[in-house]
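Student: output the structure for:
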Amino acid sequence: MNWQRRQWLIRSAGAAAAIGIPSLGATVAAGGAVDVHVELHAEPGEVALRPGRPTRVWRYRGELARGEAKALTSSAGGYLGPIIRVRRGQRVRIDLINELPEPTIIHWHGLHLPDTMDGHPRFAVAPGGRFEYEFTVSNRAGSYWFHPHPHGRTGAQVYAGLAGLFLVSDDEEAALGLPSGAQDLPLVIQDRNFDADNQLVYPGGAAAPRRGRGMMGGGTMGGGGMMGRGGMMGGGGMGSMMAGMMGVLGDQIVVNGSTESGRDVERRAYRLRLLNGSNSRTLKLAWSDRTPLTVIGNDGGLLAAPLQRDHVMLAPAERIDLWVDYGRWAPGTELTLRSLAFEGGIDMGGMMGDMMGGSAALADGAAFAVHRFKVGRGAARNESLPQRLSTIESAQPRFAVNYARPKVFELTMGMMVWGINGRGFDMLEASELETVKLGTQEIWEFRNEGRGAMMGMVMPHSMHVHGLQFRVIERSVSRRFADEYDTVKAGLVDDGWKDTVLVMPGERVRILLRFADHPGLFLYHCHMLEHEDSGLMRNYRVVA
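Tutor: Numbering: from 1, shown residues only. This next block holds a predicted model:
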């Protein structure tokens, strides 16, 4: 559905009544004083990422209109948007001002919000437009984030630089005395391609660029490229089609919007908040000296207790919080966070890599360095980690209304187009299967067994459900993919609350969802963004 027709439908009284939404641009009044008020400008910009010409990007620029100074922190030296810090229970207002040459909207990834505040693409605002978010923060303390969500353009806009962090604190977390200040360190990991002129290269996606109106033209961000000639994504053709089917992988790792490869740390405890902000790349993270990782949190906040892993898997949009005591290493030690090799990733090599204008230099599942930490020469501090972190109720699948018959959502492909149960995205549609009752729990099963896949090709997917946190209750994999699965299974962290889950080739994953208090229309989709843009996204509807 094109953008103009979508706007007409949203504005029509019939459509608004049918899905229970206000007119586009209307402020949703919620009452109560606002504790934090931020203006977020989505705008073009330039950043010096590499020697030579600055790189043209799109980015979020924040202005704090109300609240404590620490509520908004701008990123330093990169394209990443600001960090918004709030406390559970605070009333927040955020004004999105669209200064881009195409429609956009913001999704608050992981937050539990009414459907009108969640950033559904039906609310995308035109260039020069504004959208006012207002909500009370009800989530547990944790590491959440925000990014654009216009249909067909999410991958391109995130790739251009639009993303930021939304960090929530609460009394339970504060009582633990976890590392704070400079020792509370967010690390947003992404991959990008650059041309010889330092401009971002994006081969296109499901929605190829509109030259002169979009964000990229000709496949790069410079000259006739990504930000060149007023456009962002172009080229179209087979490269664009293959990007939509496979996803987009970059050959340079970018951390916090910067190409700087490392940082210095003191000999004391740190909290590392890791977000895989890549469009399509899955990570298998470990320390270079194979010291075990101490995991204290994931998508939905703190775990009940710390756990140790030799490595952790992190699909696009997943988060992991680590507790790291750098005092255990000798002064001057250089320690590298690496992504280890694994099987079953997106296969971009050979013919498909050539058609997308890329290379297999950094394939999905290849080993590479992510970020280097140089340990300082001061005295080590004696700091310990509490062995109980949070109270998390146990999952109770037997209380699901469909306990005996979980709903099945097959990740399918037909005619090189992604879908769920054979259906692509429709802006306002939710099927009977995708309709749930307010106040109930359900079990959903994502099946990634390659139904309809071209040449039997099956690849991982990163499934995200909007508007809530869920529990992962069961995994199984077919015998055909067992050897590949063995290279990743020990790094899966399914404890606690999740909003995104990695579904490997041949795997079935069951999740338990609770539809507690917000009726309306929400999304669920693959967070490999080119998959989402090309059809691997659907609505679910919560009804009273």
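
Student: could you report the distance from the closest residue to Gly142 other than its chain neighbours to Leu249?
Tutor: Nearest-residue entry for Gly142: Gly301, 3.2 Å, with adjacent residues in sequence omitted and distances by C-beta to C-beta, 6 or more residues apart in numbering. In short, each C-beta sits where N, CA and C put it, glycine included. Distance from Gly301 to Leu249, counting by C-beta to C-beta, to the nearest Å: 30 Å.

Student: then Glu445?
Tutor: With C-beta to C-beta as the criterion, Glu445 and Leu249 are 28 Å apart.

Student: please identify which of these two sits among more neighbours.
Tutor: Using other C-beta atoms under 10 Å as the criterion, Glu445 and Leu249 rank with Leu249 on top: 26 against 16.

Student: please enumerate the helices of the stretch 151-300 of the chain.
Tutor: 154-159, 171-174, 237-246 (DSSP state H, counting those that start in this stretch).

Student: Tyr403 and Ser384, how far apart?
Tutor: Following C-beta to C-beta, the distance that separates Tyr403 from Ser384 is 41 Å.

Student: so for the two, which sits in the more crowded spot?
Tutor: Tyr403 (14 against 9).

Student: hmm, Pro82 and Gly257 touching each other?
Tutor: No: the pair Gly257 and Pro82 does not pass the contact test of C-beta atoms under 8 Å, sitting 11.0 Å apart.

Student: joint contacts of those two?
Tutor: Counting by C-beta atoms under 8 Å, 6 or more residues apart in numbering, the common neighbours of Gly257 and Pro82 are Ser75.

Student: ok, which of the helices of the stretch 151-300 of the chain comes nearest Ala369?
Tutor: Ala369 lies closest, by C-beta to C-beta, to one member of those: helix 154-159, at 21.5 Å.

Student: which helices and strands sit right next to the closest one?
Tutor: For helix 154-159, the packing partners by 3 or more C-beta pairs under 8 Å, 6 or more residues apart in numbering; DSSP states H and E come out as strand 142-148, helix 529-533.

Student: contacts for the helix or strand that the last one is followed by?
Tutor: With elements assigned by DSSP states H and E, the helix or strand that comes after helix 529-533 is strand 537-543. Contact with strand 537-543 is made by 19, 115, 151, 420, 423, 425-426, 428-431, 434-438, 465, 467, 515, 518-526, as judged by C-beta under 8 Å, 6+ apart.

Student: ok, stretch 503-511 next?
Tutor: With C-beta under 8 Å, 6+ apart, stretch 503-511 has contacts from 344, 406, 411, 443-450, 458-463, 465, 470-478, 480-482, 484-485, 488, 498, 501.

Student: now the spatially most central residue of the chain: closest residue in space that isn't a chain neighbour?
Tutor: Among the residues of the chain, Ala317 comes closest to the average C-alpha position under C-alpha atoms, centre = their mean, at 2.7 Å. Nearest non-adjacent residue to Ala317, counting by C-beta to C-beta, 6+ apart: His527, 3.9 Å away.

Student: what's near enough to touch the one you found?
Tutor: Counting by C-beta under 8 Å, 6+ apart, the residues that His527 touches are 315-317, 462-464, 500.

Student: return the subset of those residues lying in strands.
Tutor: 462-464, 500 (DSSP state E).

Student: next, Lys437: phi, psi?
Tutor: Phi and psi for Lys437, reported as degrees, to the nearest 10, are phi -100, psi 140.

Student: present the helices and strands packed on helix 154-159 as TSV; the columns should include mean neighbour count and mean pLDDT.
Tutor: TSV is the format used below for the helices and strands packed on helix 154-159 (neighbours: other C-beta atoms under 10 Å; pLDDT from 0 to 100):
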stretch	mean neighbour count	mean pLDDT
strand 142-148	25	98
helix 529-533	29	95
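
Student: closest to Thr391 out of these?
Tutor: Across the helices and strands packed on helix 154-159, closest to Thr391 is strand 142-148 (C-beta to C-beta), at 14.4 Å.

Student: tell me the confidence at Gly237?
Tutor: The model reports Gly237 with a pLDDT of 61.

Student: repeat for Met232
Tutor: At Met232, pLDDT is 34.

Student: Arg510 and Glu393, how far apart?
Tutor: 18 Å.

Student: which one's more surrounded, the two?
Tutor: Arg510 (20 against 8).

Student: next up, the contacts around the residue nearest to Asp310 when sequence neighbours are not counted.
Tutor: Distances taken as C-beta to C-beta, 6+ apart place Pro292 nearest to Asp310, at 5.8 Å, with adjacent residues excluded. By C-beta under 8 Å, 6+ apart, the contact list for Pro292 reads 308-310.

Student: give me the number of residues near Ala482?
Tutor: By other C-beta under 10 Å, neighbour count at Ala482 equals 11.

Student: equivalent analysis for Ala69, please.
Tutor: 7.

Student: on that earlier part again, please indicate which of the contacts of Pro292 are buried?
Tutor: Buried members of the contacts of Pro292, counted by 16 or more other C-beta atoms under 10 Å: Arg309.

Student: quick one: the helices in the stretch 351-500 of the chain?
Tutor: 482-486.

Student: now it, which segments are flagged as low pLDDT?
Tutor: Applying pLDDT under 70 to the stretch 351-500 of the chain picks out residues 351-361, 452-456.

Student: so can I have TSV of the ones in strands among the contacts of His527 showing neighbour count and distance to Arg66?
Tutor: Output for the ones in strands among the contacts of His527, formatted as TSV (neighbours: other C-beta atoms under 10 Å; distance: C-beta to C-beta, whole Å):
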residue	neighbour count	distance to Arg66
Ser462	25	35
Met463	26	36
His464	24	31
Thr500	23	31
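
Student: nearest to Ala126, of these?
Tutor: His464 (25.9 Å).

Student: how much space separates that closest one from Ala286?
Tutor: 24 Å.

Student: could you dump stretch 96-105 to CSV, C-alpha only?
Tutor: Below are the C-alpha coordinates for stretch 96-105, written out as CSV (Å, rounded to 0.1, in the frame of the first residue of the first chain):
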residue,chain,number,x,y,z
LEU,A,96,9.3,13.3,17.1
ILE,A,97,10.0,16.0,14.5
ASN,A,98,10.6,14.6,11.1
GLU,A,99,13.2,16.6,9.2
LEU,A,100,13.9,13.8,6.7
PRO,A,101,12.9,13.7,3.1
GLU,A,102,10.5,10.8,3.6
PRO,A,103,8.0,9.5,6.2
THR,A,104,9.2,8.0,9.5
ILE,A,105,7.9,7.0,12.9
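
Student: which residue ranges of the stretch 1-150 of the chain form helices?
Tutor: Going by DSSP H, counting those that start in this stretch, the stretch 1-150 of the chain shows helices at 3-11, 13-19.

Student: which of those has the lowest mean pLDDT?
Tutor: Of all those, helix 13-19 has the smallest average pLDDT, which comes to a mean of 34.

Student: next one: stretch 263-276 to chain centre, how far?
Tutor: 21 Å (C-alpha atoms, centre = their mean, to the nearest Å).
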